[in-house]
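Chemist: need coordinates for the following:
(chains A and B)
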Protein chains: 2
Amino acid sequence: MKLFVIGFGSGEKKHMTQQAVSALQQSDLVIGYTTYIEILKKDFPDLHYLATPMRKEIDRCKMAVQETLKNQTVALVSSGDSGIYGMAGILLEIVHEMQMENQIEIEIVPGITAASLAASVLGAPLMHDFAVISLSDLLTPLELIYKRIVCAAQADFVICLYNPKSRTRTEYLAQATDLIMQYQSPDTPVGIVRNAGRTDQTVWMTTLRKLKNQPVDMFCIVIIGNSQSYFQKQEQKIYMITPRGYPL
Amino acid sequence: MKLFVIGFGSGEKKHMTQQAVSALQQSDLVIGYTTYIEILKKDFPDLHYLATPMRKEIDRCKMAVQETLKNQTVALVSSGDSGIYGMAGILLEIVHEMQMENQIEIEIVPGITAASLAASVLGAPLMHDFAVISLSDLLTPLELIYKRIVCAAQADFVICLYNPKSRTRTEYLAQATDLIMQYQSPDTPVGIVRNAGRTDQTVWMTTLRKLKNQPVDMFCIVIIGNSQSYFQKQEQKIYMITPRGYPL
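Modeler: Residues are numbered from 1 along each chain as shown, chains lettered A, B, ... in the order given. So this is what the prediction gives:
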C-alpha cells in the first residue's frame, strides 16, 4: 500500500517531473484541494479524483491514509513542491499519530516550488542567498514572521514572500515592506508573479517604495531583491537580476 | 535562434520536468560543465554535447551565445534549478554585455533545486520559513556569508547550506556551525544529503553539535532545522520534520 505526496509545480504538465507524472498514473486515487484537482484534470482527465475543501489539511491527510489502507495506491497532491509549505510534513505527522508507519509506504515526490517558477519568469533574481518567508499567520505568530523579515533584510538576503496577502490579511505586506525599507533602499527591485507558470500568469516589476500599492493577492509570489539586484531593461523586455558576483 | 538555460534537477531523468526534456530534445547543441554532461549522456546518449571545464562560467556563456548565433538551438545546462546559484544570471548578464539581446531568444527552464531534492529524502524539513546560503566565498566576502548565517539563526530559520565545503574551504562549515550554536541548541537536527536524487545518493542525520565532524563535501546539501524541527524515529526509518504548526 503506497501513498505518494506529490508536488506538481505550476500545474501545467510541462512543469511536472517525470516522477510526478508516473506517480499520478500509478495511483488509484488522487486527493487534493479542489482548485488543485481542477488544474490536474485538464492534463489527466482519466484519473480518479477526490477533492477536499481548503484549510482541511489534517482531514485530507487522514483521508489519504484511510484510502491507502483500502489496499490502494493513493496520491496526495499540492502545487509547487510538496516539501515547501506543502503536504509532506503534516502527512508524516498524521501517519505517525495514527501509528500507521508500518502499514503504509510513503514516497515524497518533490516538485518545482513557486519561487523557482517565479524566478524563471522574472529573469534571475535568486542567483544569491535568499530567504523564503510565508506571510500567513494562520499557524505562525505575526511577531516571528516580522522578526524573520527584519533579519532577512538586515543580512541583505533576497526575500521570497509566499502567501503575501489574503482576503483577511491585507496589511501584512505593507508592514513587511516598511520593515524592509529600514535596511534596504526604497528603490530595491521587486518582482511579482501571479499564477506563476500557469496559462493565466501575470508578471510585473516594481520597487519596494511602491510595493504596498500593488494588487497582490494569495496567488502571487513576491521576490524582493538584495542591495545588488537590478532591472536589466531591453527594448522588448525587462529582467530582474541579482548578480552572483562574477567579474565581467 | 534560441538559447535555453536548463536546470535538470538531480540529473536522473525522473527529476527532470517535461519542459526540460523537451528543450533538450529540441537543441542542436548542449553545453555544460563536464560532470553535468556525463550525467546527461546516460539518459540522452544521442544529443550533441560540448563539455567545458569547471569555474569557466563566463567562457561557457560566451560560447553558448556564439553557438546560438550560428543559427542553432542551444541548451546551456546545469544541475538543480538554473535560477538558483545556476547559469541564468550570468548568461543574461553576458548576453547584455555582448549586446545580443535582440539576436537571441532566451528561455529559462527551471528545475528542482537541490534543497527540494534533499528535503524529499530527509522527510519534511522545509515546511517552514528557510534561508538558502552558499558557503562558497569565491564570489562573496566571507564576512557577508557569516552575517547571513548569524541573522538566519537569530530569526530561527531552517538553514539550507549549498557548497558547504570544498577542498580548499574546509573550515567554513565548522565556523558556521559555531555561529549558529550561539542561537540554536546543539541538539538541533541536521540532515545531510550527498548527491541528492542520484543513484549514488547517501543520506545521514546528525545534530548541530556533531556537524563539524561529518564527512561533508561539495556534493552535499546540509539542512539545519529550526527550534521546532525534530527527528521522527520509526522502526525502519528516521524522518527529519519541521512542523508547520498544525494543531494535532
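
Chemist: quick one, domains of chain A?
Modeler: As given by automatic domain parsing, the domain ranges for chain A are A:2-112, A:115-241.

Chemist: reformat the ones you listed as CSV; add mean pLDDT.
Modeler: Converted to CSV, the domains of chain A look like this (pLDDT from 0 to 100):
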stretch, mean pLDDT
domain A:2-112, 95
domain A:115-241, 96
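
Chemist: in a strand, that's where residue A:50 is, yeah?
Modeler: Yes: counting by DSSP: H, G, I helix; E, B strand; the rest coil, residue A:50 is located in a strand.

Chemist: what about the helices in chain A?
Modeler: In chain A, the helices defined using DSSP state H lie at A:18-26, A:34-43, A:57-69, A:88-97, A:114-122, A:142-154, A:172-181, A:208-211.

Chemist: check whether the first one comes near chain B.
Modeler: Yes: counting by Cβ under 8 Å from any Cβ of the partner chain, chain B has neighbours in helix A:18-26: A:18, A:19, A:21, A:22. Where C-beta positions appear, they are placed from N, C-alpha and C, glycine not excepted.

Chemist: ok, back up a step: nearest to residue B:167, of the helices of chain A?
Modeler: Nearest to residue B:167, of all the helices of chain A, is helix A:114-122, at 29.3 Å by Cβ to Cβ.

Chemist: touching, residue A:142 and residue A:176? I think so.
Modeler: No: if you go by Cβ atoms under 8 Å, residue A:142 and residue A:176 don't touch, sitting 10.2 Å apart.

Chemist: neighbour count winner among these two?
Modeler: A direct count of neighbours by other Cβ atoms under 10 Å in any protein chain shown for residue A:142 and residue A:176 places residue A:176 higher, at 26 against 13.

Chemist: now the more buried one: how far from residue A:164?
Modeler: Note on residue A:176: its distance to residue A:164, by Cβ to Cβ, to the nearest Å, is 8 Å.

Chemist: got any residues that touch both of these two?
Modeler: Residues within reach of residue A:176 and of residue A:164 at once, by Cβ atoms under 8 Å, 6 or more residues apart in numbering or on different chains, are residue A:135.

Chemist: ok, back up a step: as a markdown table, the domains of chain A with distance to residue B:117 would be great.
Modeler: A markdown table is the format used below for the domains of chain A (distance: least, Cβ to Cβ, whole Å):
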| stretch | distance to residue B:117 |
| --- | --- |
| domain A:2-112 | 6 |
| domain A:115-241 | 12 |
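
Chemist: show me the one of these that comes nearest residue B:248.
Modeler: Here domain A:2-112 is closest among these (Cβ to Cβ), at 5.9 Å.

Chemist: pull the distance from that closest one to the chain's centre.
Modeler: Taking Cα atoms, centre = their mean, to the nearest Å, one finds domain A:2-112 lying 15 Å from the centre of the chain it belongs to.

Chemist: now do the end-to-end distance for that domain.
Modeler: Length of domain A:2-112, first residue to last, Cα to Cα, to the nearest Å: 22 Å.

Chemist: and the spatially most central residue of chain A, what is it in contact with?
Modeler: Centroid-nearest residue in chain A: residue A:114, 4.1 Å away (criterion: Cα atoms, centre = their mean). Residue A:114 makes contact with A:10, A:79, A:80, A:162, A:196, A:221, according to Cβ under 8 Å, 6+ apart.

Chemist: now do residue A:80 against residue B:247, distance only.
Modeler: Counting by Cβ to Cβ, the gap from residue A:80 to residue B:247 is 23 Å.

Chemist: those two: which is more packed in?
Modeler: residue A:80 (27 against 5).
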